[in-house]
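Trainee: prediction below, plus the sequence it came from.
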Amino acid sequence: MMTDSNYIKIFTGSFIIVQRMINTLEEVGINAIVKDETESGRLAGFGASIQGMQEVFVNKDELDKAIPLIEKISSELKE
């Protein structure tokens with residue numbers, strides 16, 4: 001769990017999708033944080049429940065700007 005309450009999880013998905021979202025967010029000046037449950041679990045000596053899943057966090061000050069971008073990418077992926 002992230003201790004910094006200024007950051008809010010906005011997405012969980014595979015590495016490839018997360019990278020696309022990070023790139024899109026960076027293009028508009030949003031610095032997102034990626035947390036990889038698999039990697040942190042491996043380093044601690046146990047596996048994550050879902051392999052290869054990553055979480056994307058943004059600062060809550062940037063949430064209003066980030067959500068529409070995440071929703072747009074998510075809807076494009078479903079087509």
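Mentor: Alright, I've got the coordinates.

Trainee: which helix runs longest in the protein?
Mentor: Of all the elements of type helix in the chain, the one with the most residues (DSSP state H) is helix 63-78.

Trainee: any idea how far that one is from the chain center?
Mentor: 12 Å (Cα atoms, centre = their mean, to the nearest Å).

Trainee: all helices of the protein, in order?
Mentor: So, for the chain - with DSSP H - the helices run 15-27, 37-44, 63-78.

Trainee: what mean pLDDT does the longest helix of the chain get?
Mentor: Average pLDDT, helix 63-78: 93.

Trainee: only alpha carbons, please: show it as CSV.
Mentor: Backbone C-alpha positions of helix 63-78 (Å, rounded to 0.1, in the frame of the first residue of the first chain) are rendered in CSV as follows:
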residue,chain,number,x,y,z
LEU,A,63,-6.7,13.4,-11.1
ASP,A,64,-9.2,15.5,-13.0
LYS,A,65,-6.8,15.7,-16.0
ALA,A,66,-5.7,12.1,-15.9
ILE,A,67,-9.1,10.3,-15.6
PRO,A,68,-10.4,11.3,-19.1
LEU,A,69,-7.1,10.1,-20.7
ILE,A,70,-7.3,6.8,-18.9
GLU,A,71,-10.9,6.3,-19.9
LYS,A,72,-10.2,7.1,-23.5
ILE,A,73,-7.4,4.6,-23.7
SER,A,74,-9.5,1.9,-21.9
SER,A,75,-12.4,2.4,-24.4
GLU,A,76,-10.0,2.2,-27.4
LEU,A,77,-8.7,-1.1,-26.1
LYS,A,78,-12.2,-2.6,-25.9
